[in-house]
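A.B. asks: let's see this in three dimensions:
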Amino acid sequence: MCYDINASLEAQLKRATRNQDLKAIEEIIEKLAPLTDLPLHHASGFSHPEVLIYTNEDPFYPIVATWGLIPHWVKSVKQQKKIWNNTLNARVETIFEKPAFRDAATEKRCILYVDGFYEHHHYKNQVYPFFIQQKNKEPLAMAALWSEWVNHENGGVVNSFSIVTTEGNDIMSKIHNNPKLNGPRMPLMLLTEMEEQWLASKQDFEHDLKSIVKSGGDVQLHAYSVGKLRGKSYAGNVASISDEVAYKELAAEELNF
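C.D. replies: Numbering: from 1, shown residues only. Below is the predicted model of the structure:
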């Protein structure tokens, strides 16, 4: 699963910077960035933060979107509120089957760039958060689906997205051990050479998806435990939230990454 992220404006500008369009970058910073909730040192998907995503319709100029996909067929705000929390993630194995995701999986794919994400580890009836990032500390490119929803009550348009998840790799299999889940999960992360394949509009995309998912496990990750992300001791959306915090009780598990 992926319900907690860390995202800076610098990370979100990853693709725009790669395209070296200085005018576009300046416009994004001036016009779009103020509309987001950045920086997100820690944000839960259940708070539905607004960030930048790069879509298949314009791969190098992002749009502002809220986390929690709202399918285009949702008819009311009441229905939107009901489905929102259930579409933060989309399992890659079923994106072409689930009604909430299948249209987006075919026509509306996007990329979310983050500095890292958080996952919880279970040990002796306690939960310990970990921060996961690339070993080289470069932004992570997460595969995502998006939707453009029209609010029929006021005519407003809301862009939204869901992070695609896949089976956890070796590191995530050690961290993400929630006993209530059937195996570890992690965001589907994209190697640079796979980003264009994810965004490409192809009739045979389902075939390409297999190689994209397989390559996602090759992204080199580094992880360490951090302070609590829930409860009274939670520090909030502050830069220090991703600082390493050691837990003596975890020493026996030898979770070294």
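A.B. asks: hang on, Ala16 in a helix?
C.D. replies: Yes. Ala16 sits within a helix when classified using DSSP: H, G, I helix; E, B strand; the rest coil.
A.B. asks: that one and Lys228, how far apart?
C.D. replies: Going from Ala16 to Lys228 by Cβ to Cβ, to the nearest Å gives 34 Å. Yep, even glycine has a C-beta here, placed from its N, CA and C like the rest.
A.B. asks: so these two - more neighbours on which side?
C.D. replies: Ala16 (24 against 15; other Cβ atoms under 10 Å).
A.B. asks: so what's the more buried one closest to, chain neighbours aside?
C.D. replies: Leaving aside its sequence neighbours, Ala16 sits nearest to Ile25 (Cβ to Cβ, 6 or more residues apart in numbering; 5.1 Å).
A.B. asks: what's the first helix or strand after the strand or helix carrying Ser173?
C.D. replies: Ser173 belongs to helix 170-175 when elements are defined using DSSP states H and E. Counting by DSSP H and E, the next helix or strand C-terminal to helix 170-175 is strand 185-187.
A.B. asks: show me what contacts the nearest residue to Gly217 once chain neighbours are set aside?
C.D. replies: The shortest distance from Gly217 to any non-neighbouring residue, by Cβ to Cβ, 6+ apart, is to Asn169 (4.5 Å). Counting by Cβ atoms under 8 Å, 6 or more residues apart in numbering, Asn169 touches 186, 217, 221.
A.B. asks: can you pull the contacts of the first one?
C.D. replies: This points to Met186. Counting by Cβ under 8 Å, 6+ apart, Met186 touches 2, 119, 165-169, 172, 176.
A.B. asks: report all helices and strands that the helix ranked longest in the chain contacts.
C.D. replies: The helix that spans the most residues within the chain, counting by DSSP state H, is helix 205-216. When contacts are defined as 3 or more Cβ pairs under 8 Å, 6 or more residues apart in numbering; DSSP states H and E, helix 205-216 sits against helix 192-199.
A.B. asks: tell me the buried residues in the helix it packs on?
C.D. replies: 194-195, 197-199 (16 or more other Cβ atoms under 10 Å).
A.B. asks: would you list the residues you listed in TSV and tack on distance to Ala43 and pLDDT?
C.D. replies: Below are the buried residues of helix 192-199 laid out as TSV (distance: Cβ to Cβ, whole Å; pLDDT from 0 to 100):
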residue	distance to Ala43	pLDDT
Met194	25	93
Glu195	23	94
Gln197	28	92
Trp198	23	94
Leu199	24	93
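A.B. asks: from the residues you listed, which single one is nearest Gly156?
C.D. replies: Each of the buried residues of helix 192-199 was checked against Gly156 using Cβ to Cβ; the closest is Leu199, at 26.3 Å.
A.B. asks: what is the burial count for the residue nearest to the closest one when sequence neighbours are not counted?
C.D. replies: In this structure, Leu199 finds its nearest non-sequential neighbour in Asn56, 4.5 Å apart by Cβ to Cβ, 6+ apart. Residues near Asn56, counting by other Cβ under 10 Å, number 15.
A.B. asks: now swap in Asp208 and tell me
C.D. replies: Applying other Cβ under 10 Å, we find 14 residues neighbouring Asp208.
A.B. asks: right, and it touches Gln197 too?
C.D. replies: Yes. At 5.4 Å, Asp208 and Gln197 qualify as touching, with contact defined as Cβ atoms under 8 Å.
A.B. asks: how close does the closest residue to Asn159 other than its chain neighbours sit to Met172?
C.D. replies: Leaving aside its sequence neighbours, Asn159 sits nearest to Ala65 (Cβ to Cβ, 6+ apart; 4.0 Å). According to Cβ to Cβ, Ala65 stands 25 Å off from Met172.
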